[in-house]
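*Asks:* What follows is a predicted protein model with its sequence.
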Amino acid sequence: MTGTDTYLAIFLGSKTSQRMKDWMALPEAERKAREQAGMAGWHAWVAQHKDKLVTMGGPLGKTKQVSASGVADISNELGAFTVVRAPSHEAAAKLFENHPHFAIFPGEAVEVMPILPIPGA
């Protein structure tokens, strides 16, 4: 179900960014209210784009990196993912303009990339 009309969106946010520090410095009641507003915004985004969602995706947990050296626990900025369908890369990216991930929550960006067919498959 992949092709040039299918795009992976990765939600990025650093645990040590100034945005996150400012978020964590908020009084708990204000932070909880913003979390509720953020989730309402996220659900509204999903409802608005449901016909373009291929896979809802979800939050990402702790990361294990596997390499020739073995398995290691690492930290990165990957926070969540979703898969969308759009007529172009630009159109896919525009789906995430003003997304609650960074418009309300302290996330920093959403990276959108095409899911390409496996060469020779």
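*Replies:* Okay, I see it.

*Asks:* Please make it C-alpha for all contacts and neighbour counts, starting now.
*Replies:* Noted.

*Asks:* Just the buried positions in the top strand by length along the chain, please.
*Replies:* For the chain, the strand with the greatest residue count under DSSP state E is strand 3-12. Along strand 3-12, these residues count as buried under the neighbour rule (16 or more other C-alpha atoms under 10 Å): Asp5, Thr6, Tyr7, Leu8, Ala9, Ile10, Phe11, Leu12.

*Asks:* Contacts for the helix or strand of the chain with the lowest mean pLDDT next, please.
*Replies:* Each helix and strand of the chain was given a mean pLDDT (mean pLDDT, DSSP states H and E); the minimum falls on strand 3-12 at a mean of 91. When contacts are defined by C-alpha atoms under 8 Å, 6 or more residues apart in numbering, strand 3-12 is touched by residues 54, 77-89, 92, 101, 107-117.

*Asks:* Convert the C-alpha atoms of that strand to CSV, please.
*Replies:* What follows is strand 3-12 as a C-alpha-only set of coordinates in CSV (Å, rounded to 0.1, in the frame of the first residue of the first chain):
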residue,chain,number,x,y,z
GLY,A,3,3.7,4.5,-3.6
THR,A,4,4.4,8.1,-4.5
ASP,A,5,1.1,9.2,-3.0
THR,A,6,1.8,7.8,0.5
TYR,A,7,3.8,9.8,3.1
LEU,A,8,5.3,9.1,6.5
ALA,A,9,5.0,12.0,8.9
ILE,A,10,7.3,12.0,12.0
PHE,A,11,6.6,14.3,14.9
LEU,A,12,9.7,15.7,16.4
